[in-house]
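In: Model the following, please.
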Amino acid sequence: MRLRFSLRSWLLAFHLAVLALPLLALAGTGAIARMLQEQARSHLVHEANVVATLAAAGTPSEAVLREIEATTGIAVEVLDGAARVAAASDGSTCEDRSDDDAVVRALRGESAVVVTQEGADLLRVAVAVPVRGGGAVRLSQAPPPTLQAVLHVGNRFVVAALLALVATCALALTSGHLLSRSLRSLSRTARRLGDGALDAVSDLERPSRSHLAEVARLSSDLGTMAERLKARLGYIREFARSVAHEFRTPITTLRGTMELLRDDPEIPPEQRSRFLGNALQDLDRLDRLVGGLLDLARAEEGGRREQVDLDALVRGFDDVEIAGSAGVVTGDGVQIETAIRNLVDNAQVHGGDAVHVRAVLWREGPLAGVDIVDDGPGISEANLPRVFDRFFTTGRGRGCVGLGLALVRAIARGHGGDVTVESRPGQTRFRFGVRGNVAGQRAGT
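Out: You can find the predicted model right below:
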């Protein structure tokens, strides 16, 4: 099971790790040990020179050497010219040190420092210096362990370490509280939005003012998502009401027809045939409504993306006059062809038998498309703002269901463009545009 901790817990752990890393790095790399070893060497050299000065005036007594070891923790030996111990802080005498390289070098008049390993983790530093007038002195000491040396630094270090620990914890907890406060607010708002409380968008005002750019950006994105969700839910409610209204009439008619035919078996054949014909018309209308709704849903979901040659596509319409050039666009060729065909059919259905329809291809900046122009009677000012509304049609008697132009708009917007209309008596122009492909632009467009 994956462990989960709060943001404050993670920040506290990271801050403590950052606080401990320098000491761990120094200890792990041996830097502290080398520093302590160097300090011990320097200290021993100093003390050895002091003892050598004493020994030059005469061999110090064993009591004096023992007092030096008790005070400093340094073992002291005074050697004669034959490398034998003349006096030592541990009471040993006459021991031969001729095999000690440091002593041999000191007797030759050189100061020498030797570090020896005494066990797995214990080092010992020995210093030998010559004595004026003959002989030498040898001092040795083991550097203190790292932890012990750190503790010996004194109370100031301990106090500083405690203050650093307290400051680190306070900084981690404070920053964790400040950071998680905005995130908790975003989480509460997201839960409310998920429960359907779309008015919770107002709760995003505080997180949007966060000093953290990521939190502010997330709050803005969540607000945008909520607004889109709100608009989408409104669209769905309106769509559901429209669908219910459009389906209710043919379904009611069909129910009445079926009940009449069921309850009156003696109905004349001519009347029965007329009722059945009306029922079939209602079924055809329902079928067209279902097909149109499916096409509209596919258009709003978006389609495949491919290179579509608008010029070649429009030239496939034999019943329109073609002018201009638009070049290549990126989109769903089937949907784009459906949209243009709906515009042509709309012009032919509503323009009358003698209507003349032209397709004018064009490209302007990032958009490319086609204008469908007819010389029919035009669209009334009252109906012009509603022509792209779902289920709006003036041709119900001709079997229209009012989804053709709504589908055209959905396809255009799904391809980064739009569709507009201008109309007056004698000319109606639908401008259908989608986002073009500059690389596929043709000369002269």
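In: three-state assignment of the residue of the chain most remote from its centre?
Out: In the chain, the residue that sits farthest from the middle, by Cα atoms, centre = their mean, is Gly58; the gap is 80.0 Å. Classification of Gly58 using DSSP: H, G, I helix; E, B strand; the rest coil returns coil.
In: Could you pull up phi and psi at it?
Out: Backbone torsions of Gly58, given as degrees, to the nearest 10, read phi 140, psi 150.
In: tell me the pLDDT at it?
Out: pLDDT recorded at Gly58 is 83.
In: Use 463 as the first number from now on
Out: Sure, I'll start counting at 463 from here, so that last one is Gly520.
In: ok, the host helix or strand of Thr882: who's next to it in the sheet?
Out: Using DSSP states H and E, Thr882 maps to strand 880-886. Applying DSSP bridges, strand 880-886 is found paired with strand 889-897 (antiparallel).
In: ok, residues contacting the partner strand?
Out: With contact meaning Cβ atoms under 8 Å, 6 or more residues apart in numbering, strand 889-897 is reached by 791-793, 798, 801-802, 805, 808-809, 813, 826, 828-838, 840-841, 870, 874, 877-885. The way it works is simple: take the backbone N, C-alpha and C, and place the C-beta from them, glycine included.
In: Now the buried members of the residues you listed.
Out: For the contacts of strand 889-897, a neighbour count by 16 or more other Cβ atoms under 10 Å gives the buried set as 791-793, 798, 801-802, 805, 808-809, 813, 829-838, 840-841, 870, 874, 877, 879-881, 883, 885.
In: do you know how far Gly789 is from Val896?
Out: Computed as Cβ to Cβ, to the nearest Å, the Gly789 to Val896 distance reads 11 Å.
In: quick one: contacts for the closest residue to Arg848 other than its chain neighbours?
Out: Once flanking residues are discounted, Arg848 sits nearest to Phe854: 4.8 Å by Cβ to Cβ, 6 or more residues apart in numbering. Residues in contact with Phe854 (Cβ under 8 Å, 6+ apart) are 845, 848, 864.
In: ok, how many other residues are close to the first one?
Out: For Asn845, the number of neighbouring residues by other Cβ atoms under 10 Å comes to 13.
In: now swap in the one 4 residues further on and tell me
Out: By other Cβ under 10 Å, the residues close to Val849 number 23.
In: Can you say which helix or strand has the nearest residue to it once chain neighbours are set aside in it?
Out: Nearest in space to Val849, with sequence neighbours left out and distances taken as Cβ to Cβ, 6+ apart, is Leu867 at 5.4 Å. Here Leu867 sits within helix 866-876, counting by DSSP H and E.
In: Next one: the residue farthest from the centre of the chain from Val526, what distance?
Out: 11 Å.
In: tell me the domain ranges of the chain?
Out: Per automatic domain parsing, the structural domains of the chain span 469-614, 617-709, 765-902.
In: three-state assignment of Ala590?
Out: On the three-state scheme (three-state DSSP), Ala590 is labelled strand.
In: Who are the contact partners of it?
Out: Ala590 touches 510, 562, 564-565, 567-568, 573-574, 576, 598-601, counting by Cβ under 8 Å, 6+ apart.
In: re earlier: I'd like to know which of the contacts of Phe854 is nearest to Val540.
Out: Arg848 (116.6 Å; Cβ to Cβ).
In: circling back to that earlier point, could you save the contacts of Ala590 as a markdown table and add columns showing pLDDT?
Out: Formatted as a markdown table, the contacts of Ala590 follow (pLDDT from 0 to 100):
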| residue | pLDDT |
| --- | --- |
| Ala510 | 85 |
| Asp562 | 87 |
| Ala564 | 87 |
| Val565 | 87 |
| Arg567 | 89 |
| Ala568 | 88 |
| Ser573 | 87 |
| Ala574 | 87 |
| Val576 | 83 |
| Ala598 | 90 |
| Val599 | 90 |
| Arg600 | 90 |
| Leu601 | 90 |
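In: Can you lay out these as a markdown table showing secondary structure?
Out: Listed next are those as a markdown table, based on three-state DSSP:
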| residue | secondary structure |
| --- | --- |
| Ala510 | helix |
| Asp562 | coil |
| Ala564 | helix |
| Val565 | helix |
| Arg567 | helix |
| Ala568 | helix |
| Ser573 | coil |
| Ala574 | strand |
| Val576 | strand |
| Ala598 | strand |
| Val599 | strand |
| Arg600 | strand |
| Leu601 | strand |
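In: which intervals of the stretch 763-907 of the chain have sub-threshold pLDDT?
Out: Residues of the stretch 763-907 of the chain that meet the criterion pLDDT under 70 lie in 763-765, 857-861, 899-907.
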